[in-house]
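Trainee: I would like to see how this sequence folds:
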Amino acid sequence: MNSTDKTQTNHPASGLYDFVELLVIAICTVLVLFSFGFRLCRVSGDSMNQTLHNGEMLLISSCAYTPKQGDIVVFHQTHEIDTSLNEPIVKRVIATEGQHVKVDYATAKVYVSDDEIFDENDVIEESYDYVEGGVITRPFFANNKHYEVPKGHIFVLGDNRNNSRDSRDTYIGFVDTRRILGKVVLRITPFSKFGLVE
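Mentor: Numbering: from 1, shown residues only. This is a model prediction of the structure:
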């Protein structure tokens, strides 16, 4: 028997040390992300089906961001009457300042033009929109079919066109770009869907 053999035992403090070390690293990582304009946001509701679903966790970025058509953004509105709007809202940018938008509810087509004249060349290509039955049901709050986006604002729609409160709703309306928290760049959870969002 070798007298130099020793039985190694794990000290309880070493496990605690490893946990604290991981916690500090995680906190530092979050702080670095936030300092570069990244933050987390959770999807609430079904208005972005089938692209995003209720409860999914997203990573958004506001670093040097300028909104453009097709981006998914998170913004914050404040409303005294409808307090459900006083939380981060996730929608897709359809048009930016100076552009005109027309929603054709019968054909489920959305037009974006630089003037008030719309033709088939102005129909935006949307592989992401979700329109059950192929017809957009005109919601009770949509009192218009044609919109002109004012300076410093964007026009947004949910991908789930028949179940979305968006810029068609006067309570939301055109979104002031100063209220945009950032662009959605990554889906964090569920882990089975982890990856870039388009």
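Trainee: residues touching Gly55, list them.
Mentor: Applying C-beta atoms under 8 Å, 6 or more residues apart in numbering to Gly55 gives the contacts 42-43. The C-beta positions use only the backbone N, C-alpha and C, and glycine is treated the same way.
Trainee: That one: which element?
Mentor: Secondary structure here is read from DSSP states H and E; on that basis Gly55 sits in neither a helix nor a strand.
Trainee: Could you check the pLDDT of it?
Mentor: For Gly55, the model assigns a pLDDT of 94.
Trainee: what ranges do the strands span in the chain?
Mentor: If DSSP state E is used as the criterion, the strands of the chain fall at 38-42, 57-61, 72-76, 88-96, 100-104, 109-113, 146-148, 153-157, 175-176, 180-189, 195-196.
Trainee: Could you identify which of the ones you listed is most buried?
Mentor: Of all those, strand 153-157 carries the top mean neighbour count, a mean of 25, counting by mean count of other C-beta atoms under 10 Å.
Trainee: Between strand 88-96 and that strand, find me the angle.
Mentor: If you take axes from the mean of the first three to the mean of the last three C-alpha atoms, to 10 degrees, strand 153-157 sits at 110 degrees to strand 88-96.
Trainee: and the angle from strand 153-157 to strand 100-104?
Mentor: Counting by the same axes, to 10 degrees, strand 153-157 points 20 degrees away from the direction of strand 100-104.
Trainee: picking up where we left off before, any chance of the strands of the chain in TSV, plus distance to Leu23?
Mentor: Converted to TSV, the strands of the chain look like this (distance: least, C-beta to C-beta, whole Å):
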stretch	distance to Leu23
strand 38-42	18
strand 57-61	20
strand 72-76	27
strand 88-96	26
strand 100-104	48
strand 109-113	47
strand 146-148	49
strand 153-157	38
strand 175-176	37
strand 180-189	19
strand 195-196	27
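Trainee: Quick one, which of those gets closest to Ser127.
Mentor: Closest to Ser127 of those is strand 88-96 (C-beta to C-beta; 11.9 Å).
Trainee: thinking again about what came up before, right, and the strands of the chain - which one's nearest Met48?
Mentor: Comparing the strands of the chain by their distance to Met48 (C-beta to C-beta), the top pick is strand 88-96, with 5.6 Å.
Trainee: quick one: contacts of that closest one?
Mentor: With C-beta under 8 Å, 6+ apart as the criterion, strand 88-96 contacts 41, 43-44, 47-48, 51-52, 58, 67-77, 101, 110, 112, 124, 128, 147, 149, 154-159, 164, 166-167, 172, 175, 181, 184.
Trainee: Extract the C-alpha trace of it and format it as PDB.
Mentor: Extracted as PDB, the C-alpha positions of strand 88-96 are listed here (Å, rounded to 0.1, in the frame of the first residue of the first chain):
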ATOM      1  CA  PRO A  88     -43.900  47.000 -24.800                       C
ATOM      2  CA  ILE A  89     -45.600  46.200 -28.100                       C
ATOM      3  CA  VAL A  90     -44.200  44.000 -30.800                       C
ATOM      4  CA  LYS A  91     -45.200  44.700 -34.500                       C
ATOM      5  CA  ARG A  92     -43.700  44.900 -38.000                       C
ATOM      6  CA  VAL A  93     -42.800  48.100 -39.800                       C
ATOM      7  CA  ILE A  94     -44.900  48.500 -42.900                       C
ATOM      8  CA  ALA A  95     -44.000  52.100 -43.900                       C
ATOM      9  CA  THR A  96     -41.900  55.000 -42.700                       C
END
